[in-house]
Each structure stands twice: as structure tokens, then as C-alpha cells.
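Q: Sequence and predicted structure below; questions after.
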Amino acid sequence: MKAIIFGVLAMAVTVVASNILVEYPLPGVLADWLTYGAFTYPVAFLVTDLTNRARGAAAARVVVLAGFALAVVLSLIFADTRIAIASGSAFLIAQMLDVTVFDKLR
């Protein structure tokens, strides 16, 4: 149970941080294409894959769903609303696909 709670908290912190950092483009030539959020968001997939490996696909889905709910609420408070909604939708689809594919491949 501790692993699940840790996974949910790690997921929520990662997504909220990414939703805030996506508002800040990198300086210079890359400013049009890349934001700081691109560097933090992949950690969400690491959290999901580690949970899937250690506890199985069912536990990883719990982490995704609980982390999604917590992150959307926190993102609505700390980040722009349109970013929170768009990020939440993309997050849920991508993470559920990741859990399914990772489970089939291992």
C-alpha cells in the first residue's frame, strides 16, 4: 500500500510541476518548440513503469487514476485551466496505453 501511495504522490507532483513548467519556454532558438515541462513529464512514465514492474498492471492503473484525479485538481488551482484540462486528457490516454503495452511486453 505504501508503494501505491508513493506512486500516486509522485505522479501528482510530476504532473502538476509539468503543467506549471509548460508555461515557461526554453530561452533561445528552442523557445518556439520546447518548454521546461518537457523535461519533467517523462518522470510520470517512469513512475508508472516502476509501479507496473513492482506491483503489476492493476496497481499501475490505480496509480494512474488516483494520480490523474489529484493532479487535475491541483493543476486547476496552480496552473492555467486550459493546460490542466488538455494535460489531464492526454495524460490519462497516454498513461493507460503505457500500462497496457508495458504489461504485455514484460
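A: Cool, the structure landed.
Q: Which parts of the helix or strand containing V13 count as buried, going by neighbours?
A: If you go by DSSP states H and E, V13 is part of helix 2-21. Using 16 or more other CB atoms under 10 Å as the test for burial, helix 2-21 gives 7-8, 10-21. Bear in mind the C-beta positions are built from the backbone N, C-alpha and C, glycine included.
Q: Likewise for stretch 34-52?
A: Within stretch 34-52, the residues that qualify as buried are 35-37, 40-41, 43-45, 47-49, 51-52, counting by 16+ other CB under 10 Å.
Q: For it, what is the distance to the chain centroid?
A: Centroid displacement of stretch 34-52 relative to its chain, using CA atoms, centre = their mean, to the nearest Å, is 6 Å.
Q: picking that back up, what is the helix holding V13 packed up against?
A: When contacts are defined as 3 or more CB pairs under 8 Å, 6 or more residues apart in numbering; DSSP states H and E, helix 2-21 packs onto helix 37-40, helix 42-55, helix 57-78, helix 81-105.
Q: ok, 6 Å please
A: With contacts defined as 3 or more CB pairs under 6 Å, 6 or more residues apart in numbering; DSSP states H and E, helix 2-21 has these neighbours: helix 37-40, helix 42-55, helix 57-78.
Q: a markdown table for these, including distance to A3 and mean pLDDT?
A: A markdown table is the format used below for the helices and strands packed on helix 2-21 (distance: least, CB to CB, whole Å; pLDDT from 0 to 100):
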| stretch | distance to A3 | mean pLDDT |
| --- | --- | --- |
| helix 37-40 | 21 | 92 |
| helix 42-55 | 6 | 94 |
| helix 57-78 | 7 | 88 |
